[in-house]
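Student: Quick one: sequence plus predicted model below, questions after.
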Amino acid sequence: MPDQEKINYLLHLADTTLILSHRNSEWCGHGPVLEQDIALTNIALDLLGQSRLFYQYAAELMGNTDEDQLAYLRTEREYKNLLLAEQPNGDWGQTILRQYLYSQFQQLLFQQLVTHNDQQLCAIATKSLKETNYHVRWSSEWVIRLGDGTTESRERMLHAIDELWPYTGELFDPAAYESVADVDFTSLQQEWNKRVKLIFEEATLPVPEKIFMQQGGKTGAHTEHLGYILADLQYLQRTYPNSIW
Amino acid sequence: MNLLIRKFYYGDIPEEKGGGSYYQTEQDTTTWPLWEVFIRSKQGLDHKHVGSLHAADAQMAIENARDVYTRRMEGVSIWVVESKHITASNPEEAGELYEPAADKVYRHPTFYQLPDEVNYM
């Protein structure tokens, strides 16, 4: 059933961008300075826009559903987002690092999806890539600034690496349905490692050696954090079914 | 924490009336410098001053300007300049600087008879 695999893959992309967008939006009004508050909220909106495109396409293939139902009425076990996306914001450094690790991955992945034989997926990737290029630029500059900054900012970045690195293995550990992506995950990982290493070197941060990697998000086995996010996100629609904005 | 919020007017309002000129002291390491932002709304038009923002360096200032001032497709090009590099005229000298021009209407090109064939002047 190639169509079911495609639907699952679209939901995986949609869920990851939605959950990361939600996490970033938690900073709205709490950013360290006004300008960066706006910058991160912009990124949250970019990701939300991307997730809507993926949900809409998935809903079209599934029939008898829509983007809102997919976002608001699926349970934790049905969500297929990367574990990295649902990790808590922590401090500014941790949020920045999460964004960088993901955006760097998304950039390389979407660079391959723009030549995918599915026209719709191709178009979404092309549109998203411009946004993602900016996310990579913005977040990588922050990683460098904080890693190579003060003693405190460096310590916070080291802490952020400890917190987030175990969730980076999952990026390159394809679930069964990811075969429709038609992407070589091994070369993707090599390229990602190379780029991250360059940024980390400039930031004077160490790249962790081989450590145990968490996995499961892609097939619905999440960390304890996703339940709280969905409770927040889905509360209104579940309490007042079919209410509209 | 020593947080100072100041508003800057660049000569429009004298310092003793609440305006000020920008400066950053050696000890001031907890705040980012202020930058002025100029946006070109489309090709062929001038860059126009749109506001100011804080940023640690020029690169960050460009990115902040992109996020703060071009979110609604306001621009195709951004200039930033650190506010301390702007020299403003002194409002106290407004009399000698601007008033002498007031009674010299002949400097306006309004005394020519234009032929009908010349439209849109």
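Tutor: In hand now; what should we look at? Residues are numbered from 1 along each chain as shown, chains lettered A, B, ... in the order given.
Student: what's near enough to touch the residue in chain A positioned nearest to chain B?
Tutor: Relative to chain B, the nearest point of chain A is A:Glu35 (3.9 Å; Cβ to the nearest Cβ). The way it works is simple: take the backbone N, C-alpha and C, and place the C-beta from them, glycine included. Going by Cβ atoms under 8 Å, 6 or more residues apart in numbering or on different chains, A:Glu35 touches B:Leu53, B:His54, B:Ala55, B:Asn64, B:Asp67, B:Val68.
Student: could those residues go into JSON lines alongside distance to B:Ala101?
Tutor: Listed next are the contacts of A:Glu35 as JSON lines, based on distance: Cβ to Cβ, whole Å:
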{"residue": "B:Leu53", "distance to B:Ala101": "34"}
{"residue": "B:His54", "distance to B:Ala101": "37"}
{"residue": "B:Ala55", "distance to B:Ala101": "37"}
{"residue": "B:Asn64", "distance to B:Ala101": "38"}
{"residue": "B:Asp67", "distance to B:Ala101": "40"}
{"residue": "B:Val68", "distance to B:Ala101": "36"}
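Student: Show me where the chain has its helices.
Tutor: Unless you meant another one, I'm taking chain A. A:2-25, A:34-62, A:67-72, A:83-86, A:92-113, A:119-147, A:151-164, A:185-202, A:225-239 (DSSP state H).
Student: think we crossed wires, I meant chain B
Tutor: Under DSSP H, chain B gives helices at B:58-69, B:94-98.
Student: now what about the last one, what contacts it?
Tutor: Going back to what we said before, that points to helix B:94-98. Contacts of helix B:94-98 (Cβ under 8 Å, 6+ apart): B:Ser89.
Student: What residues are bridge-paired with the residue nearest the centre of chain B?
Tutor: Central residue of chain B (Cα atoms, centre = their mean): B:His49, 4.6 Å from the mean position. Counting by DSSP bridges, B:His49 forms beta bridges with B:Phe38.
Student: That one and A:His30, how far apart?
Tutor: 30 Å (Cβ to Cβ, to the nearest Å).
Student: Residues of chain B that sit close to chain A?
Tutor: B:Trp32, B:Leu53, B:His54, B:Ala55, B:Ala56, B:Gln59, B:Met60, B:Glu63, B:Asn64, B:Asp67, B:Val68, B:Arg71 (Cβ under 8 Å from any Cβ of the partner chain).
Student: By neighbour count, which of the residues you listed wins?
Tutor: Highest neighbour count within these: B:Asn64, with 26 neighbours (other Cβ atoms under 10 Å in any protein chain shown).
Student: Give me the local confidence score for that one.
Tutor: According to the prediction, B:Asn64 has pLDDT 93.
Student: for it, what are its contacts?
Tutor: So B:Asn64 contacts A:Glu35, A:Gln36, A:Ile38, A:Ala39, B:Trp35, B:Leu53, B:His54, B:Ala55 (Cβ under 8 Å, 6+ apart).
Student: Now tabulate those residues in a markdown table and tack on distance to A:Val183 and pLDDT.
Tutor: Converted to a markdown table, these look like this (distance: Cβ to Cβ, whole Å; pLDDT from 0 to 100):
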| residue | distance to A:Val183 | pLDDT |
| --- | --- | --- |
| A:Glu35 | 36 | 91 |
| A:Gln36 | 33 | 94 |
| A:Ile38 | 33 | 94 |
| A:Ala39 | 29 | 95 |
| B:Trp35 | 41 | 96 |
| B:Leu53 | 39 | 94 |
| B:His54 | 41 | 93 |
| B:Ala55 | 37 | 94 |
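Student: Show the pLDDT at the closest residue to A:Trp142 other than its chain neighbours.
Tutor: Leaving aside its sequence neighbours, A:Trp142 sits nearest to A:Ile96 (Cβ to Cβ, 6 or more residues apart in numbering or on different chains; 4.4 Å). Per-residue confidence (pLDDT) for A:Ile96: 97.
Student: How far does stretch A:175-189 sit from its chain's centre?
Tutor: 16 Å (Cα atoms, centre = their mean, to the nearest Å).
Student: For that stretch, give the mean pLDDT please.
Tutor: For stretch A:175-189, the mean pLDDT works out to 95.
Student: And the residue of chain B found nearest chain A, how far from A:Lys210?
Tutor: The minimum distance from chain B to chain A, using Cβ to the nearest Cβ, falls at B:Asn64 (3.9 Å). Distance, B:Asn64 to A:Lys210, by Cβ to Cβ: 38 Å.
Student: same check, this time on A:Ile199
Tutor: A:Ile199 is 20 Å from A:Lys210, by Cβ to Cβ.
Student: Distance from the chain centre to stretch A:153-170, please.
Tutor: With Cα atoms, centre = their mean, you get 15 Å for stretch A:153-170.
Student: Check stretch A:74-93 too.
Tutor: Centre-to-centre, stretch A:74-93 and its host chain are 8 Å apart (Cα atoms, centre = their mean).
Student: buried ones in it?
Tutor: Buried positions in stretch A:74-93, judged by neighbour count with 16 or more other Cβ atoms under 10 Å in any protein chain shown: A:74, A:76, A:79-87, A:90, A:92-93.
Student: any idea how far A:Arg98 is from A:Leu48?
Tutor: Per Cβ to Cβ, A:Leu48 is found 16 Å from A:Arg98.
Student: do B:Ala101 as well
Tutor: 59 Å.
Student: pLDDT below threshold where in chain B?
Tutor: For chain B, the stretches with pLDDT under 70 are B:1-29, B:121.
Student: Where do the strands of it begin and end?
Tutor: B:34-40, B:47-54, B:77-82 (DSSP state E).
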